[in-house]
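1. sequence plus the predicted model coming up.
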Amino acid sequence: MDLRRWTPFTFVAPARYVDRDDRWRAFDIEEWSESAYDWTQGPWNGVSDFAKEPRECVDAGRGDCEDYALVALSWAVAHDRDGVGLGFCWDLPYPWPRHVIAFDDERVYSSGEITEESVDEWKADSKYAFVLKRRLGCPS
């Protein structure tokens, strides 16, 4: 258990968790999301969840929501997407986030699903009451 990989830290400093390896330039996130990625819900309870390295998630072909979000974040950074960040999603009455997404100015990346819409549009069609967004480098 690597305490530096504790999932809440990904929100505190998302840029620290971006894998900046050249592999992400050639990586096809859409193909991987549609055919190879196996989303599995981890034991998220706001305390004991740890995020995988993005390359570890891809190599395993599976992971939970924050693992997928970090892969998408790494891909988006490698492709110079604008407005890149993470969103922690709450559904009531839970006092801790229940889901993690990645986003940019044009898309939302959510556990194998890529949609062309804003985070607000995505949230309106989801079960989540609110999304706390953090762009790379600064909160929003």
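-> Arrived safely, thanks for sending.

2. looks like Asp91 contacts Ala129 (just checking).
-> Yes. Look at Asp91 against Ala129 with Cβ atoms under 8 Å: they come within range, at 5.8 Å. For glycine as for every other residue, the C-beta is placed from the backbone atoms N, C-alpha and C.

3. farthest from the middle of this structure: give me that residue.
-> Taking Cα atoms, centre = their mean, the residue of the chain most remote from its mean C-alpha position is Pro93, at 22.3 Å.

4. tell me the secondary structure at that residue.
-> coil (DSSP: H, G, I helix; E, B strand; the rest coil).

5. over to Leu73?
-> Classified using three-state DSSP, Leu73 is helix.

6. burial check on it, number of neighbours?
-> The tally of other residues near Leu73 (other Cβ atoms under 10 Å) stands at 29.

7. quick one: residues contacting the residue nearest to it when sequence neighbours are not counted.
-> Sequence neighbours aside, Ala102 is the residue nearest to Leu73 in space, at 4.7 Å (criterion: Cβ to Cβ, 6 or more residues apart in numbering). Ala102 sits next to 68-70, 72-73, 76, 84-87, 108-109 when contact means Cβ atoms under 8 Å, 6 or more residues apart in numbering.
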